[in-house]
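>>> sharing a model that was predicted from the sequence below.
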Amino acid sequence: MVLVERKKLVEAIKKAIENSKDRKFVETVEMAVNLKNVDMKRPENRIDAIITLPYGLGKPRKIGVFAKGEMALKAKEAKVDLVISPEEINELAKDKRKAKKIAKNLDFFIAEATLMAEIGRKLGPILGPRGKMPQPVPPLSDPKPLVEKLKKSVKIRTRDKLTFHVPIGRKDMDPEKIAENAEEILKYIEGKYENALQNLDSIYVKTTMGPAVKVI
């Protein structure tokens, strides 16, 4: 089952890029997906997923790692954006303003599994509502494979809404590659809902500040 033909995606993405004005920055290309006939009051129908895009977003996502010792060193070697030690968890719990700033500036977090309980207790109220709770990894493991994967990933989260927005690339990327990224999101929807074609209402694409173009 294919929810949307590749040709339609590519045409809409090209049109969205052509319709956008020149800016002083490279705009992101975004996709809006509107669902229907899905009861979002039921938790099992809600979407909360991290999806790895084949071509990434044109620049790496920002990753933070909660770790100590060997894993902290490996995280730095993997060129993550921030390594947070166990001692700093306490400091961030006391300085909520700083913790909120870090949660806002970083896209994903990883944590040594042994630190998860403490993170949940002390930083859960800040990270949880933002969908930024860390992915646990076993102690002494190399976080690099997960870091590399997350650098090319996006998170989609509906909560109780029937609409979600997700970045799928940048204006300076090949529209074909952006379309392949979009297809990865749509594949997830196909797998999530039994009758995905009946649950898909409409799809739009746009650049950050440009007008929306309807795909279906």
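Nice, thanks for sending it over.
>>> by residue count, tell me the biggest helix in the protein.
helix 175-192 (DSSP state H).
>>> then the next helix-or-strand element following that one to PDB, C-alphas only?
Counting by DSSP states H and E, the next helix or strand C-terminal to helix 175-192 is helix 196-199. Provided in PDB are the C-alpha atoms of helix 196-199 (Å, rounded to 0.1, in the frame of the first residue of the first chain):
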ATOM      1  CA  ALA A 196      -4.300   4.100   6.900                       C
ATOM      2  CA  LEU A 197      -5.900   5.200   3.600                       C
ATOM      3  CA  GLN A 198      -9.200   5.800   5.400                       C
ATOM      4  CA  ASN A 199      -7.400   7.600   8.200                       C
END
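>>> packing partners for helix 196-199?
helix 175-192 (3 or more C-beta pairs under 8 Å, 6 or more residues apart in numbering; DSSP states H and E). C-betas here are computed from N, CA, C, even on glycine.
>>> now do the buried residues in the helix it packs on.
Neighbour counts over helix 175-192 (16 or more other C-beta atoms under 10 Å) mark 175, 177-186, 188-190, 192 as buried.
>>> now do it: everything it contacts.
1, 3-4, 6, 9-10, 13-14, 17, 29, 31, 33, 35, 47, 49, 51-57, 154, 156, 166, 168-169, 196, 199-200, 205 (C-beta atoms under 8 Å, 6 or more residues apart in numbering).
>>> in PyMOL, how would I select just the buried ones from the residues you listed?
Buried members of the contacts of helix 175-192, defined by 16+ other C-beta under 10 Å, are picked up in PyMOL with:
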select buried, resi 3+4+9+10+13+14+17+29+31+33+35+47+49+51+53+55+56+57+154+156+166+168+169+196+199+200+205
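>>> what residue spans form the domains of the protein?
6-58+152-214, 63-150 (automatic domain parsing).
>>> show me what contacts Val4?
Contacts for Val4 (C-beta under 8 Å, 6+ apart) come out as 182-183, 186, 203, 215-216.
>>> same thing but 6 Å
For Val4, the contact set (C-beta atoms under 6 Å, 6 or more residues apart in numbering) comprises Ile216.
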